[in-house]
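Visitor: A structural model of the following input is requested.
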Amino acid sequence: MAGTQERLMVLKMLEEKRISAREAEELLAALDRASGSHQNGTGPSEGTGPRPRHAPSQSEPAPELDLGDLGRGIRDAVHRFTEGLGKLAEGTARGEDLGSWIRDTLGTARVTVEKEIRVPAGTGLAARRVVFAGASGDVAVRSADVDQPWGTAFLTVWGPNELTARQSAEDMQVRVEARGDDLEISVGPGLTAEGGGAPGRPARWECRVDLSVPRASGVRISTASGDIRAAGIGADSSLSTASGDVALRSPAGSVKVRTASGDVTVRLAPDSGARIEAATASGEIAVRAPLTVERFTSTRLVGSSGAARWTIDVGTASGDIVIEAEPG
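Guide: Next comes the predicted model:
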């Protein structure tokens with residue numbers, strides 16, 4: 001079962017009182033989301049296991065090999081097989097839906113489109129916290145001199161051919177909704193596919209997000225599979241990924257970081273006023289910044305940088321933690 005080792009590590013951290021019961025629930029829930037996204041076809045296409053540590057960023061696609069006539073022959077054969085199997089399935093009891101699913105799932109065409117992330121006019125909210133939850137994909141978020149959050153979602157969709165994949169990609173929507181003091185950003189298939197000529201929910205898709213938020217805003221970012229990079233984010237923030245690395249740079253307030261399988265790097269400015277609480281069940285902790293250390297072992301660290309005014313709380317079930325100084 002995917003994630004079994006990570007679950008045992010989480011339970012071990014709980015048993016040794018390195019994390020609280022609530023934090024254990026958060027990590028286990030993240031693992032469940034990762035498992036669910038793989039079963040639904042929205043996770044990484046390379047398999048259902050955790051993403052290998054230090055894997056290349058999803059923002060840097062692997063180069064495509066050109067095998068000449070042999071490569072084109074293989075691709076044509078795959079397309080003919082996919083189309084034939086889909087048409088054959090249409091003759092069964094659940095024909096049309098099953099045929100479409102086969103063609104979408106086995107399709108090799110891949111299309112990426114960009115969608116703007118912008119707060120709709122009339123929302124009237126200077127968000128105290130920006131919330132984004134994604135099934136699969138990297139997230140980069142930074143504080144900036146802006147009045148409202150804005151950015152870009154890079155949506156990648158697979159299909160049986162380029163035309164169908166592009167139609168599905170164009171139908172994907174970015175939704176921005178105000179809920180109390182939170183501004184929630186979500187990405188997913190369009191809601192108007194039925195009867196509107198749109199292709200409907202794609203069998204495989206993923207999303208990479210690049211986001212800027214106001215300096216006073218906190219963030220809550222969670223993803224089932226993907227790396228998270230955050231710079232200068234405000235207080236009341238949290239970063240969570242079930243399978244991926246987290247890089248936190250120059251935070252301006254309290255931040256909680258959780259990953260079930262991945263490394264965490266925290267860069268601190270001198271005398272940042274941060275109290276560091278870090279723990280890993282399977283990994284090591286390295287300190288490369290001037291800290292006043294209260295407790296330090298290979299798997300647990302408590303210390304502070306300057307006069308502690310807020311806390312950076314880091315926990316990983318399987319991964320290393322590095323605390324280093326921000327380059328001057």
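Visitor: Low-confidence bits of the stretch 101-250 of the chain, can you list those?
Guide: In the predicted model, the stretch 101-250 of the chain carries pLDDT under 70 at residues 101-107, 122, 124-127, 191-203.
Visitor: hmm, try it at 50
Guide: Scanning the stretch 101-250 of the chain for pLDDT under 50 picks out 191-198.
Visitor: which residues of it fall in helices?
Guide: 162-171 (DSSP state H, counting those that start in this stretch).
Visitor: On the three-state scheme, residue 270 is what?
Guide: Under DSSP: H, G, I helix; E, B strand; the rest coil, residue 270 falls in the coil class.
Visitor: those strands in the stretch 151-300 of the chain, which residues are they?
Guide: 173-179, 182-188, 204-214, 218-223, 228-231, 237-243, 246-249, 255-261, 264-268, 274-282, 285-288, 292-296, 300-305 (DSSP state E, counting those that start in this stretch).
Visitor: packing partners for the last one?
Guide: Meaning strand 300-305. Counting by 3 or more Cβ pairs under 8 Å, 6 or more residues apart in numbering; DSSP states H and E, the packing neighbours recorded for strand 300-305 are strand 274-282, strand 285-288, strand 292-296. Placement of C-beta: from N, CA and C, glycine included.
Visitor: most neighbours per residue, which of those strands?
Guide: With neighbours defined as mean count of other Cβ atoms under 10 Å, the helices and strands packed on strand 300-305 peak in mean count at strand 274-282, which reaches a mean of 23.
Visitor: Relative to residue 9, which of the strands of the stretch 151-300 of the chain is closest?
Guide: strand 274-282 (4.1 Å; Cβ to Cβ).
Visitor: On the three-state scheme, residue 25 is what?
Guide: helix.
Visitor: Relative to residue 316, how far out is it?
Guide: Noted for residue 25: a distance of 16 Å to residue 316, by Cβ to Cβ, to the nearest Å.
Visitor: Which of these two has more residues huddled nearby?
Guide: Neighbours per residue (other Cβ atoms under 10 Å) separate residue 25 from residue 316, with residue 316 holding more: 30 against 13.
Visitor: Format the CA atom coordinates belonging to the helix or strand containing the more buried one as PDB.
Guide: Here residue 316, judged by DSSP states H and E, is contained in strand 310-318. Taking C-alpha atoms only, strand 310-318 is exported to PDB below (Å, rounded to 0.1, in the frame of the first residue of the first chain):
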ATOM      1  CA  TRP A 310       7.400  34.200  16.600                       C
ATOM      2  CA  THR A 311       7.800  30.500  15.700                       C
ATOM      3  CA  ILE A 312       8.800  28.400  12.800                       C
ATOM      4  CA  ASP A 313       7.400  24.900  13.400                       C
ATOM      5  CA  VAL A 314       8.800  22.200  11.000                       C
ATOM      6  CA  GLY A 315       7.900  18.500  10.900                       C
ATOM      7  CA  THR A 316       8.700  15.800   8.400                       C
ATOM      8  CA  ALA A 317       8.100  12.100   8.600                       C
ATOM      9  CA  SER A 318      10.700  11.200   6.000                       C
END
